[in-house]
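Student: Have a look at this fold, sequence not included:
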């Protein structure tokens with residue numbers, strides 16, 4: 001059962017303060033660790049804040065020992081009513097810079113309220129009151145630093161962070177989307193054109209192409225989402241990555257399926273072939289290291305579909 005703050009003794013209040021400083025310091029360390037590779041300047045700011053939190057904890061422990069002895073009771077923030085439950089997003093990778101800055105500001109605001117509005121009003125020992133007041137002032141400086149994180153970033157640093165954010169977007173959204181588009185375009189060629197030549201019906205070809213595209217999209221979405229949780233590779237949230245891959249896979253197949261909505265079979269077939277040619281040409285780009293294999297594979301699948309449908 002969580003304790004009410006008003007029921008805590010001075011000894012327990014100091015114990016909670018020590019736990020708070022330790023937890024905040026470790027969270028700042030996690031922020032610094034998660035941002036160091038992509039946002040080194042901001043990571044350095046959080047490392048400095050972690051050092052200060054460590055000094056605050058040392059001051060609190062020294063005061064506690066002088067006043068109450070060596071044993072510090074295990075009393076954490078979750079053991080006391082009134083604290084906001086923190087969502088441990090700092091454990092995920094990669095960290096989002098905007099969320100980190102906002103969370104740091106909220107953490108410091110909560111700590112200031114703890115010292116000023118609660119703890120200092122409930123203790124009577126002059127030495128402890130002075131220490132809590134000094135820590136509150138120090139935390140206020142931290143809050144100002146958290147609010148001014150964006151202002152402390154120079155144009156060069158901001159440019160580097162923007163470039164890092166762009167790389168993350170490419171890694172987490174663009175690359176999975178392109179992979180899905182390629183897979184959808186190539187994997188659905190055979191069933192679409194096989195159905196078209198076998199039935200000579202644009203409606204049947206469209207239905208087969210639509211089913212193949214949606215099926216491929218669902219399959220790729222699950223495969224991508226389950227293949228990597230993004231914690232080590234930095235490829236982002238698996239659900240988002242899977243959804244992007246699945247949608248682009250379906251889109252890649254539907255592209256050369258839509259022409260079969262045209263009632264005239266020959267016109268629809270010519271339009272579909274033109275779209276396939278455009279798709280294969282677009283894939284041949286320096287952005288895709290496997291472009292040659294994809295184009296050759298696409299042509300082979302396309303020929304296979306026509307051959308099977310004609311047999």
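Tutor: In hand now; what should we look at? Quantities reported herein were computed from a predicted structural model and do not represent experimental measurements. Numbers count the residues shown, from 1 in each chain.
Student: Could you use CA atoms for every contact and neighbour count after this?
Tutor: Fine.
Student: the helices in the stretch 1-150 of the chain, which residues?
Tutor: 10-35, 40-68, 97-113, 120-122, 126-147 (DSSP state H, counting those that start in this stretch).
Student: Pick the most deeply packed of those helices.
Tutor: helix 10-35 (a mean of 21; mean count of other C-alpha atoms under 10 Å).
Student: follow-up on the earlier one: just so I know, which of the helices of the stretch 1-150 of the chain lies nearest residue 247?
Tutor: Between residue 247 and the helices of the stretch 1-150 of the chain, the shortest separation by C-alpha to C-alpha is 27.1 Å, and it involves helix 97-113.
Student: Give the rounded mean pLDDT of the closest one.
Tutor: For helix 97-113, mean pLDDT is 78.
Student: ok, now stretch 54-71?
Tutor: 90.
Student: Can you tell me what sits against that stretch?
Tutor: 11, 14-15, 17-18, 21-22, 25, 72, 128, 131, 135 (C-alpha atoms under 8 Å, 6 or more residues apart in numbering).
Student: could I get the residues you listed as JSON lines with distance to residue 105?
Tutor: Shown next, in JSON lines, are these (distance: C-alpha to C-alpha, whole Å):
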{"residue": "11", "distance to residue 105": "28"}
{"residue": "14", "distance to residue 105": "23"}
{"residue": "15", "distance to residue 105": "23"}
{"residue": "17", "distance to residue 105": "18"}
{"residue": "18", "distance to residue 105": "20"}
{"residue": "21", "distance to residue 105": "15"}
{"residue": "22", "distance to residue 105": "17"}
{"residue": "25", "distance to residue 105": "14"}
{"residue": "72", "distance to residue 105": "28"}
{"residue": "128", "distance to residue 105": "25"}
{"residue": "131", "distance to residue 105": "22"}
{"residue": "135", "distance to residue 105": "16"}
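Student: Tell me which of the helices of the stretch 1-150 of the chain lies nearest to residue 209.
Tutor: Closest among these, using C-alpha to C-alpha: helix 97-113, at 42.1 Å.
Student: Show me how far that closest one is from its chain's centre.
Tutor: 19 Å (C-alpha atoms, centre = their mean, to the nearest Å).
Student: next one: stretch 75-89
Tutor: 23 Å.
Student: what about residue 37, neighbour count?
Tutor: When neighbours are counted by other C-alpha atoms under 10 Å, residue 37 registers 12.
Student: ok, back up a step: now tabulate the helices of the stretch 1-150 of the chain in JSON lines and tack on distance to residue 176.
Tutor: What follows is the helices of the stretch 1-150 of the chain, written out as JSON lines (distance: least, C-alpha to C-alpha, whole Å):
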{"stretch": "helix 10-35", "distance to residue 176": "23"}
{"stretch": "helix 40-68", "distance to residue 176": "27"}
{"stretch": "helix 97-113", "distance to residue 176": "22"}
{"stretch": "helix 120-122", "distance to residue 176": "53"}
{"stretch": "helix 126-147", "distance to residue 176": "34"}
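Student: domain assignment for this structure?
Tutor: 5-153, 157-310 (automatic domain parsing).
Student: And these, which one averages the lowest pLDDT?
Tutor: Minimum mean pLDDT among those: domain 157-310, a mean of 71.
Student: In this structure residue 221 contacts residue 246, no?
Tutor: Yes - counting by C-alpha atoms under 8 Å, residue 246 is a contact partner of residue 221 at 4.2 Å.
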